[in-house]
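In: return a 3D structure for these sequence lines:
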Amino acid sequence: MKIPESELIINGDGSVFHLHIKPAQLADKVVLVGDPGRVALIKSFFDSIECEGSSREFAWITGLYKNSRMTVLSTGIGTDNIDIVMTELDALANINFETREVNPEHRTLNIVRLGTCGAIQPEIPIGSYILSHWSVGFDGLMGWYAGRESVTDLDMEKAFMSYMNWPDALPYPYFIKASEKLISLFRDSTVEGMTISSPGFYGPQGRSVRLQLGISELVQKVEGFRYGDRKITNFEMEGSAIAGLAKHLGHEAVTVCCAIAHRYHHNADTDYKPRIEGLIHLVLDKLASL
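Out: Residues are numbered from 1 along each chain as shown. A predicted model of the protein is given here:
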């Protein structure tokens, strides 16, 4: 079945609408970062650059790191941007841009989000690399797609909503497991995490500047949640949509973040560049080993 031009917009140069990447320019190994400036930083680690481009907040490179072809792409902030990024990455991998039909053979991408976060459990020190074995979506994005229940843990969702006395005015939170393949790849060098992805930096993460919060003492409440031996470890803003859409679309994905702030201890590290550079080395080396 042909995908209409209005549903998948292809630019005149053959690139996908927002990302401005052409199908042949996308590697099977993809690193996602929020900040376009971080693409330039990761570029300095590459052995060679094959192609690159940018449009709005979406900057990207494709090149070689230790003879392994990778694409690095900035997403900007938030799960709304991830809806664009993941849909267009999948289109580049699995749709014929000439015929506008789905390719007969599925191409699976290995996607790692590399970012920063705020830890909430007292025993996790600032500077830790937290791998999101589970992502908790506060954003509501997955409810816009059919089959949400097939990729989420409904029992854990119900337990969390009951524990939190979840307000009716907010989207239902969803819990999604990351790729087991990529969890195994990073297990020996990261802290196991269950990570909340929030649709904002302030109120949705329990920060109050001038407005009263809809859920008072949010951080303290989620810090105390337990489901068996699982507990929520950190806040960030994109991982849930990456995990959910990847699972829906048949890709491998995981999020790993450096904790640069601690919501429990109320402190932060503003000189975190060396730790980010260490995380970049870790992510690139692990992907190159696949």
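
In: can you pull out the helices in this protein?
Out: 36-43, 79-94, 148-151, 154-164, 180-186, 218-223, 239-249, 273-288 (DSSP state H).

In: just the angle between the first one and helix 273-288, please?
Out: To tie it back to what came earlier, the one meant is helix 36-43. 60 degrees (axes from the mean of the first three to the mean of the last three C-alpha atoms, to 10 degrees).

In: what's helix 36-43 packed up against?
Out: strand 29-33, strand 48-55, strand 58-65, strand 68-74, helix 273-288 (3 or more C-beta pairs under 8 Å, 6 or more residues apart in numbering; DSSP states H and E). For the C-beta atoms, the positions are set from N, CA and C on the backbone; glycine is no exception.

In: change it to 6 Å
Out: Packing partners of helix 36-43 (3 or more C-beta pairs under 6 Å, 6 or more residues apart in numbering; DSSP states H and E): strand 58-65, strand 68-74.

In: give me the angle between that helix and strand 68-74.
Out: Using the same axes, to 10 degrees: helix 36-43 against strand 68-74 is 160 degrees.

In: dump helix 36-43 to PDB, keeping only the CA atoms.
Out: Once non-C-alpha atoms are left out, helix 36-43 reads as follows in PDB (Å, rounded to 0.1, in the frame of the first residue of the first chain):
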ATOM      1  CA  PRO A  36      22.800  19.700  18.700                       C
ATOM      2  CA  GLY A  37      26.100  20.800  20.200                       C
ATOM      3  CA  ARG A  38      26.700  17.300  21.500                       C
ATOM      4  CA  VAL A  39      26.700  16.000  17.900                       C
ATOM      5  CA  ALA A  40      29.800  18.200  17.200                       C
ATOM      6  CA  LEU A  41      31.400  16.800  20.400                       C
ATOM      7  CA  ILE A  42      30.800  13.200  19.300                       C
ATOM      8  CA  LYS A  43      32.000  14.000  15.800                       C
END
